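K.L.:
Using only what follows, build the 3D model:
(one chain, ligands or ions: 1)
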Amino acid sequence: MITYKDLADYIFKDVNETIEDLEKKYPERKLPEGAEVTRFAPSPTGFLHLGSLSTSLIDYKVAKDSKGIFYLRLEDTDTKREIEGSGEELVRQLKYFGIELDEGYFGNHDVGDYGPYRQSERAHIYRICIKHLMEIGRAYPCFCSAEQLEETRQIQEANKEIPGYYGDYAICRNIEPEEALNRIKNGDPYVIRFRSLGNHNNKVVFHDEIRGDIAIAENDMDVVILKSDGLPTYHFAHAVDDHFMRTTVVIRGEEWIASAPIHIELFNALGFKLPRYAHVPVIMKLDNGNKRKLSKRKDPEANVKNFIEGGYPNEALKAYLLSIANSNFEEWTMENNCYDIEKFTFSLSKMSLDGILFDQDKLSYFSKEIIAQFTAEDFYNRLLVWSKDYDVTLYDHISKNKDMTINALNIERGGEKARKDFSSYKDVYPIIGFFYKDRYEEIIKTGFPFNEAIDKEVIKDVLLDFAKSNDYSLANDVWFNTVKELGVRHGFAESGKIYKQNKEAYKGHVGDVAEMIRVALCGAKNSPNLHSVLQILGKDEVNRRINVAVDYLK
Ligand code: GLU
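P.N.:
Numbers count the residues shown, from 1 in each chain. So this is what the prediction gives:
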């Protein structure tokens, strides 16, 4: 009589190793007490999604904070959906964010003793495990065609039953090994299914590190574990890989909670200890007042690349993602005036659970705070790297005018009242662009926005007097007094308060005078600190610009 053991021997003729051999080859890791082994397990099916970056950051923090291991496993078993080169791109992007891997798939090579880390290269490992399941009668070949499965689905739908391959619908689970062997020898196409012993009316309870105990119906589905292309399904690869890579805590999206009973049954059948689980909430967005999942196709904020292009420092995106993951992180940043995620201890039990909404304002807030803490030199170097790829005009200007750019970026930088007006690298050119001569010419092409309520002749006189009398050596507040004096000489009040008391007596006040100078030098009513602008432009350029403005007023 043909047994499942015979069937397994026939299907897996090439398999000589056993699960015990694998246990020896991939032994328990020798790590300090409490060290966690986490993994990021992306599929190379497209760009790095904001949710995946968030999960990888959590994986990274949990491993780092516990002195454990963080590795990357490339889940490339869905060859139809694979996008060439996206695995390498994912690795590059993680690196860009400083989410350093300890081991795993590194793009063009593997690092570590628990590999290969690319599922497509692990077929022999899966085959060893499936052979074992078949020998003990927990796996069987299924010959159902797509049409047959569709027919079953329709019947189930009509009967309002749960769809799937289970109970009486699992036709191939009753095929005798002898018949199965004949059909395989005959060349009939097949997949391999798991034989579930579960009962949907029973509950299985598992512990989630974020949500506590979760009770959910037992699995009773005979899920496919090996596809006809020889590669495993997610469920099976998860059990085998997380066991033999010795993952201690599986951190993954909450959409996998529903599949956990399948995984629990698979781990049990294989004789593996269940890892701990943490199912993280997905990031949503508000759409017409309704919350919905960020969509890969519709929402630009789903694609991490857009934030890189958008000029957000990687620290800002990380801080933002950590703030939505651990609600106490933001408070911690304020208490410590620090945004360095490495210094913060992350806790899965403090994970926020209620619908995480993407919040652009919060990202900008973190970005402003973080950019404000850069030194001018650091800011400059980052701008250089970023603009080279994403803003050639800026790159051109800043690479040709290094000192001036650093000085401009340094205006009101550091200290208690640091300037916080850059929310991304994209804000730099609009704010400091006027410093560059050709940008200044461009701005004033459309004219100078002088206050039309003040007579042109008066503005001209004030500007010419300023060009003559301005003293560059004075400190900011002493210098500002000379601007007041300049105004008084031309009939302007020395403060807004004095002006308000007797408007008739004055042409305006010192604020109007400062505005004239600003408009002449920057082509705009707003600018960074005017005294600094003068110092950076220097006497010759200031006087040149004053003359251009005076000519315009003629
Ligand atoms: N490849 C799976 C995904 O991208 C991984 C899920 C997991 O982390 O286990 O959804």
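K.L.:
Please count neighbours and contacts with C-alpha atoms only from this point.
P.N.:
Noted.
K.L.:
Give me the distance between Ser387 and Thr393.
P.N.:
Distance from Ser387 to Thr393, counting by C-alpha to C-alpha, to the nearest Å: 8 Å.
K.L.:
for Ala237, same thing?
P.N.:
Using C-alpha to C-alpha, one gets 48 Å for the distance from Ala237 to Thr393.
K.L.:
Those two: who's more crowded?
P.N.:
Comparing Ala237 with Thr393 by other C-alpha atoms under 10 Å, the one with more neighbours is Ala237, at 21 against 12.
K.L.:
Let me know the pLDDT of the more buried one.
P.N.:
For Ala237, the model assigns a pLDDT of 98.
K.L.:
tell me which element it is part of?
P.N.:
Counting by DSSP states H and E, the element that carries Ala237 is helix 234-244.
K.L.:
from the chain's centre, how far out does that helix sit?
P.N.:
Helix 234-244 has its average C-alpha position 25 Å from the chain's average C-alpha position, going by C-alpha atoms, centre = their mean, to the nearest Å.
K.L.:
cool, stretch 523-538 as well?
P.N.:
From the chain centre to the centre of stretch 523-538 is a distance of 37 Å (C-alpha atoms, centre = their mean).
K.L.:
Return the residues of this protein in contact with the ligand.
P.N.:
41-43, 75, 252 (C-alpha under 6 Å from any ligand atom).
K.L.:
Just the buried residues of these.
P.N.:
41-43, 75, 252 (16 or more other C-alpha atoms under 10 Å).
K.L.:
Looking at those residues, which are in strands?
P.N.:
Residues of those located in strands (DSSP state E): Arg252.
K.L.:
residue in the stretch 251-400 of the chain nearest to the ligand?
P.N.:
Nearest to the ligand, among the residues of the stretch 251-400 of the chain, is Arg252, at 4.3 Å (C-alpha to the nearest ligand atom).
K.L.:
Local confidence estimate at that residue?
P.N.:
The predicted local distance difference test score for Arg252 is 97.
K.L.:
for His397, same thing?
P.N.:
According to the model's per-residue confidence, His397 sits at a pLDDT of 97.
K.L.:
List the residues that contact it.
P.N.:
Residues in contact with His397 (C-alpha atoms under 8 Å, 6 or more residues apart in numbering) are Tyr436.
K.L.:
when you give positions from now on, start the count at 36
P.N.:
Fine by me, first position is 36 from now on; the one you just mentioned is His432.
K.L.:
related to what we said a few turns ago, who are the neighbours in contact with the residue of the stretch 286-435 of the chain closest to the ligand?
P.N.:
Contact analysis of Arg287 by C-alpha under 8 Å, 6+ apart lists 90, 312-315.
K.L.:
related to what we said a few turns ago, any idea which of the residues of the chain next to the ligand is closest to Glu550?
P.N.:
For those, the minimum distance to Glu550 (C-alpha to C-alpha) is 54.7 Å, reached by Pro77.
K.L.:
you'd agree that closest one is up against Asp113?
P.N.:
No. Between Pro77 and Asp113 no contact is recorded; they are 11.6 Å apart, counting by C-alpha atoms under 8 Å.
K.L.:
got the contact list for the helix or strand where Glu124 lies?
P.N.:
In this structure, Glu124 sits in helix 121-131 according to DSSP H and E. Around helix 121-131, the neighbours that count as contacts under C-alpha under 8 Å, 6+ apart are 78-83, 88, 109, 135, 141-143, 349.
K.L.:
between those residues, which is closest to Thr268?
P.N.:
Taking C-alpha to C-alpha as the measure, Thr268 sits nearest to Ser78 out of these, at 12.4 Å.
K.L.:
What sits closest to that closest one if chain neighbours are left out?
P.N.:
Distances taken as C-alpha to C-alpha, 6 or more residues apart in numbering put Glu110 closest to Ser78, at 4.7 Å, once the chain neighbours are dropped.
K.L.:
ok, Leu388 touching Ile318?
P.N.:
No. Taking C-alpha under 8 Å as the definition, Leu388 is not a contact partner of Ile318, at 10.6 Å.
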